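Asker: no sequence for this one, just the structure:
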């Protein structure tokens, strides 16, 4: 009789546990999927904003009778506005997101970005106003990418390191898709509408992202409860990482490579996103393939193909092993300077199509390898660690746009030579560190 009584109770308990486990996993999947969608919206936002402010700078400069040389200076200054705050905001705001939770951070970021674009629509009448707007954009995006990277890492690392790497890779693929679509939309707005329409669209995108974040991203307490429940139900597993037994010498090279990957990604990337559109309209030779198109639309198409190439390598980085990602650090270091050099040597649209695709491949590896390896190495304070990485990107943004703004009035092609020299210098340093670490490891 006892067995008859307890059998259904035991069965009911197992069914309840299974139901709770299924609900838990369903909530996790939905939240992660919505994070990917937020990444697409964020990428569209920053891509469309970069392209639009670049062209709108030349429009406002022309309205005020500013010549080409001074207009080039303003294009650089406007682009510098983003890096001016983004080199600091990810560290500060990523750390704050560790305290207040990812949901609130993302909502604040997108509402702030919406307000920034409203400011452009309502008040921007001089390039200086766009410098201020880009500074606010850099600030609020410091409250966006770092929390998303940290959130995905927190939600997946307890399941498996393979899923952890794959989820971060998918996030970056979604970001790249958005960043590919954004400039393309900017070219369409410029060719067939009004550039101001782009800023109205950005307001809608930002508010939509804020609503999605508020609805689907877990709070800090919900994340903690989720992890406890997963552990109790046995759905989490211990972290397994190839870095667990790594010595300090190898880790030194790895950390330098991760830091450099941020600058490899950021330096010429920012020149192409925020300075090239304005450069193309005035200085680029359309070549044969693009002869019938406006130069603004041509620039958007070139950046679109760069984005497709970048997206491919962002996906590939997530499906290979951690050891392969470590090896890619050095391959990126060799490939980025070569890709930069070809952009500088052949600034004709036909040739740039090939150069942009090659650059996009290495650019994607640089970003994705750095983010995944950093998150695999980080055990706590992921928002702060992601913020430091994004801040390193901000340093590359700031340096590239500031120096480009200074040199481009004298030589419009100089920013692309600048990207070549900087990336080659980083590669030389990384080679020295690699040889040093190998010698110390053997000794």
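Answerer: Received it, and whenever you're ready, just let me know what you need. The model shown is predicted, which means the values in this text are computed figures rather than measured ones.

Asker: Could you report the separation of residue 290 from residue 54?
Answerer: 18 Å (C-beta to C-beta, to the nearest Å). C-betas here are computed from N, CA, C, even on glycine.

Asker: Out of the two, name the residue with the larger neighbour count.
Answerer: Set residue 290 next to residue 54 and count neighbours by other C-beta atoms under 10 Å: residue 54 wins out with 28 against 21.

Asker: which ones are touching that one?
Answerer: Counting by C-beta atoms under 8 Å, 6 or more residues apart in numbering, residue 54 touches 75, 78-79, 274-278.

Asker: Looks to me like it is in a helix.
Answerer: Yes. Counting by DSSP: H, G, I helix; E, B strand; the rest coil, residue 54 is located in a helix.

Asker: With residue 45 as the reference, measure out to it.
Answerer: According to C-beta to C-beta, residue 54 stands 15 Å off from residue 45.

Asker: Would you map the helices across the stretch 101-250 of the chain?
Answerer: 102-123, 127-141, 145-156, 161-192, 195-216, 220-233, 248-270 (DSSP state H, counting those that start in this stretch).

Asker: Next, format those helices as TSV and append distance to residue 84, mean pLDDT and mean neighbour count.
Answerer: What follows is those, written out as TSV (distance: least, C-beta to C-beta, whole Å; pLDDT from 0 to 100; neighbours: other C-beta atoms under 10 Å):
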stretch	distance to residue 84	mean pLDDT	mean neighbour count
helix 102-123	14	95	21
helix 127-141	5	95	22
helix 145-156	17	82	26
helix 161-192	20	86	22
helix 195-216	20	94	19
helix 220-233	30	65	14
helix 248-270	12	83	22
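
Asker: would CSV of these with distance to residue 67 be doable?
Answerer: Listed next are the helices of the stretch 101-250 of the chain as CSV, based on distance: least, C-beta to C-beta, whole Å:
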stretch, distance to residue 67
helix 102-123, 24
helix 127-141, 13
helix 145-156, 37
helix 161-192, 21
helix 195-216, 21
helix 220-233, 53
helix 248-270, 24
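
Asker: Of all the ones you listed, which one is nearest residue 355?
Answerer: Comparing these by their distance to residue 355 (C-beta to C-beta), the top pick is helix 248-270, with 10.7 Å.

Asker: Next, the angle helix 161-192 makes with the closest one.
Answerer: Counting by axes from the mean of the first three to the mean of the last three C-alpha atoms, to 10 degrees, helix 248-270 lies at 10 degrees to helix 161-192.

Asker: How far does helix 248-270 sit from its chain's centre?
Answerer: 15 Å (C-alpha atoms, centre = their mean, to the nearest Å).

Asker: for it, packing partners?
Answerer: helix 68-86, helix 322-345, helix 349-377, helix 382-407, helix 414-442 (3 or more C-beta pairs under 8 Å, 6 or more residues apart in numbering; DSSP states H and E).

Asker: averaging pLDDT over each of those, which comes out lowest?
Answerer: Of all the helices and strands packed on helix 248-270, the minimum mean pLDDT falls on helix 382-407 (a mean of 83).

Asker: Quick check: end-to-end length of stretch 289-300?
Answerer: End-to-end distance for stretch 289-300: 14 Å, by C-alpha to C-alpha, to the nearest Å.

Asker: what's next to that stretch, contact-wise?
Answerer: Contact with stretch 289-300 is made by 51, 55, 183-188, 190-191, 276-277, 280-281, 284, 286, 301, 349-350, 353, as judged by C-beta under 8 Å, 6+ apart.

Asker: at 10 Å what do you get?
Answerer: Applying C-beta atoms under 10 Å, 6 or more residues apart in numbering, the contact partners of stretch 289-300 are 47, 51, 54-55, 58, 182-192, 195, 272, 276-287, 301-302, 348-350, 352-353.

Asker: Now for the contacts of residue 54: which two are most distant?
Answerer: Spanning the widest gap among those are 78 and 276, at 13.3 Å by C-beta to C-beta.

Asker: Tell me if residue 412 really is in a helix.
Answerer: No. Assessed with three-state DSSP, residue 412 is coil; it does not lie in a helix.

Asker: Quick check, pLDDT for it.
Answerer: According to the prediction, residue 412 has pLDDT 84.

Asker: Now it. Its backbone dihedrals?
Answerer: For residue 412, the backbone dihedrals are phi -60, psi -20 (criterion: degrees, to the nearest 10).

Asker: Ignoring the adjacent residues along the chain, who's closest to it?
Answerer: Here the nearest residue to residue 412 in space, its sequence neighbours aside, is residue 283; by C-beta to C-beta, 6 or more residues apart in numbering that works out to 4.5 Å.
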